Each structure stands twice: as C-alpha cells, then as structure tokens.
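Asker: here is a sequence together with a model predicted from it:
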Amino acid sequence: MPQKKPTIVDIAREAGVSISTVSRVLNNSMPVADETSRRVRETIDRLQFNPNSAARNLASKRTNTIGLLIPEISGTFFSPMLAGIERCTSEHGYDLLIFVSTKLERHELTHMVPVGEHNTDGLLVFTTSLDDQEVIRLHGHRFPLVLLHRSPPDRLPIPSVTFENKRGTEKLIDHLIEVHGRRKFAFLAGPPLNEDSYWREQGFRASLARHGLEVDPALMGIGEFEGPIAAQAVRKMLDSGARPDAIFAGDDGSAAGVISLLVNRGIRVPDEIAVVGFDDDYMAPYLPVPLTTVRAPIHQAGYQAAQRLVGLLHDQPGNLETILPTELIIRKSCGCN
C-alpha cells in the first residue's frame, strides 16, 4: 500500500499547535513565536509535508508565478538584472514575485521567507539571500531553484548563473601592470560570502603573482560594493600612510566613491593613483574621471537565470553552470587616453 501523504492536520498534531498556526507559518501571514515557528518547520521537514500538494491537485497545478529573492533593489547593478529577469518571465507568461530585504545579506533572517514553495512555482536566489539549509531543504522537496552569483551548497545539482569574474579581473590587473607599470595595488572586497568578490580577489592575486608582485596586507580593504564604504576604506589606508599607485575597487559603485574621495583630497586620478572597477554600469563613462572597468553582462545574467528556471518548470534539460564572458573596457582612470 502506498504511504499516506501527511496533511496540515498531521503537522499541527505532531508539532502540538493549531491548524491555523501551521497555516500562519506556511504563509507568513501573521507573526508566530520563533520557537513555535521552528518546531512547525522541523515537523514539516521530518514528515516531508509539501504545502503545495493541495494546490497542485487543482486543475491549473501551478501558481504561474516565479519568485526572486534579493537583498535590495536600489543601485546601478539591480536595475539591468531585474530588467533581464522581467523580460524573460513576460515572454513566457509568468508573473514575477520579488521579496526584498536588506537583512538577507546580513543573515538576520531565518530561512522562512514570504516567497517560496507556498506561492511560487520556482525561485531565483540571488547570492546569499537564502541560507544553505533552506536551499538544501527546497532541493530535497524537488522545488525548482536557480542560483544567481552563487554556487549550490554540498555540490547539489542546482543550476547557477554568474560572470567570468576571475579572468575578467586578471585582464584588468594585467593591463595596469603591463601597460602602465603599476606595482603597488589596493584591493577592496565586496560583502562577506559574496562569490563574485571572492573570484575577483583570486584573479587579482593571480595577476600579481604571475608578475612577481606581492599582495600588501595594508592595502587589502573591504568596500562591500558600496561607494561610501569603499571611500572610507581608502581614507583609512591613506591616513595610515599606506599609499597604492592603483586601486581595484571591486565594482563600479565602489570605484565612484573612491574617485570622489581622491579628487576631494587633491590626489590626481590616474596620474598619482589609478582606479578601476567591475560591471561597466551606466555611470562608468560619466564619472569625474571616466572609469576603466570590466563589462559584465548583468541583463543577460538575469535573463539566462530566468530562462533556465522556466526550463526546469517544463522539464527541459540545460546546463548546471552558466559562466558568462566579461570584457575589458579601457577609459581614462587607468592612465589611457
């Protein structure tokens, strides 16, 4: 005899709560005490309860909605990415449900978020906007996931889309060394656990090592892909007496903050200090010193991630890992005319 599938009544009984409390946890419709929520979620996992089972028995069998988890929606990076995702979902007739919280990147949320298996057919997960435990749980329930700028935990076969971060950064640093003779480099990292930042640092270190240059710990800072934070990191370097002749700012937003700081301090860019970024967002050519950077296909990454998720929803095969090529863009901030 086939095993009977658990119901919401079974979950309530096992967790020692009411059916309405289970519903609140599943739908995040009303606040539930942390301990109660944890107990309900553990019971759901243990009994392998699928909260979408009832909905999937309906004639439609789908919500016709794709979810997206991101830490913020401001800044020059997210606009083209969202445009790419929205373009794809519109082409395929899906609604797009977005959950935005600055707390996600700082790991202040539990794995329970308002967008997931209870109200979408699949999820796009940007960087660390969902913890590994929840990614593993959703994959175990065969819920369709595609990761953006993040590798799957435990080497699970979950599709991911990212940029050619390491090689793009290597080309950038190679150019500064070989064409402009720069020798003393500062590096600004992105947010903690950000894989784009990790691979950019690997490219930075690889280029320096290949040219026989040492990484100076006094010139390694954290910019978090934020202009003001990047500027503060460089300010501390300069005030401590550490003086680079080139700064890889991590991304274009950070580079804008660094250039503004240097100009305000009377330091000539690029004559005294070269500054370079990553992404080639729309403002890069219009900074006080036009920015040399690496062009990343942000719009394409969003589109491809959504396209891959649509493929999963229709049982279409595809690549597990998509790494999109980047391109070196030369402007004035490196020293070129």
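Answerer: That came in fine, so what should we check first? Numbering: from 1, shown residues only.
Asker: and Ser67, helix, strand or coil?
Answerer: Not quite, residue 67 is Gly, not Ser. Of the three states, Gly67 takes strand under DSSP: H, G, I helix; E, B strand; the rest coil.
Asker: give me the neighbour count for it.
Answerer: By the criterion of other C-beta atoms under 10 Å, Gly67 has 24 neighbours. All C-beta atoms are positioned from the backbone trio N, CA, C, and that covers glycine.
Asker: in which helix or strand does the residue lying closest to Leu219 once chain neighbours are set aside reside?
Answerer: Sequence neighbours aside, Ala186 is the residue nearest to Leu219 in space, at 4.0 Å (criterion: C-beta to C-beta, 6 or more residues apart in numbering). Using DSSP states H and E, Ala186 sits within strand 185-189.
Asker: which other residues reach that strand?
Answerer: 173, 176, 197, 201, 204, 208, 213, 215-216, 219-224, 230, 233-234, 237, 242, 244-250, 254, 258 (C-beta atoms under 8 Å, 6 or more residues apart in numbering).
Asker: among those residues, which ones are in helices?
Answerer: With DSSP state H as the criterion, helices contain 173, 176, 197, 201, 204, 208, 230, 233-234, 237, 254, 258 from among the contacts of strand 185-189.
Asker: how close does the spatially most central residue of the chain sit to Pro285?
Answerer: Nearest to the geometric centre of the chain sits Thr127, at 3.0 Å (C-alpha atoms, centre = their mean). As judged by C-beta to C-beta, to the nearest Å, Thr127 and Pro285 stand 27 Å apart.
Asker: got it, and Gln304?
Answerer: From Gln304 to Pro285 the distance is 25 Å (C-beta to C-beta).
Asker: these two - which one has more neighbours?
Answerer: The neighbour count for Gln304 versus Pro285, taken as other C-beta under 10 Å, is higher for Gln304 (22 against 13).
Asker: what sits closest to the more buried one if chain neighbours are left out?
Answerer: Val161 (5.2 Å).
Asker: ok, now Asp154?
Answerer: Distance criterion C-beta to C-beta, 6+ apart; nearest residue to Asp154, sequence neighbours excluded, is Ile136 at 6.5 Å.
Asker: which strands and helices sit next to the one helix or strand the one you found maps to?
Answerer: If you go by DSSP H and E, Ile136 is part of helix 132-140. Packing contacts for helix 132-140, counted by 3 or more C-beta pairs under 8 Å, 6 or more residues apart in numbering; DSSP states H and E, involve strand 145-148.
Asker: helices or strands next to the next helix or strand after the strand it packs on in the packing?
Answerer: Going down the chain from strand 145-148, the next helix or strand is strand 160-163, by DSSP H and E. Packing partners of strand 160-163 (3+ C-beta pairs under 8 Å, 6+ apart): strand 145-148, helix 195-210, helix 298-313, strand 321-324.
Asker: just these: most buried one?
Answerer: Mean neighbours per residue, mean count of other C-beta atoms under 10 Å, is largest over the helices and strands packed on strand 160-163 for strand 145-148, with a mean of 24.
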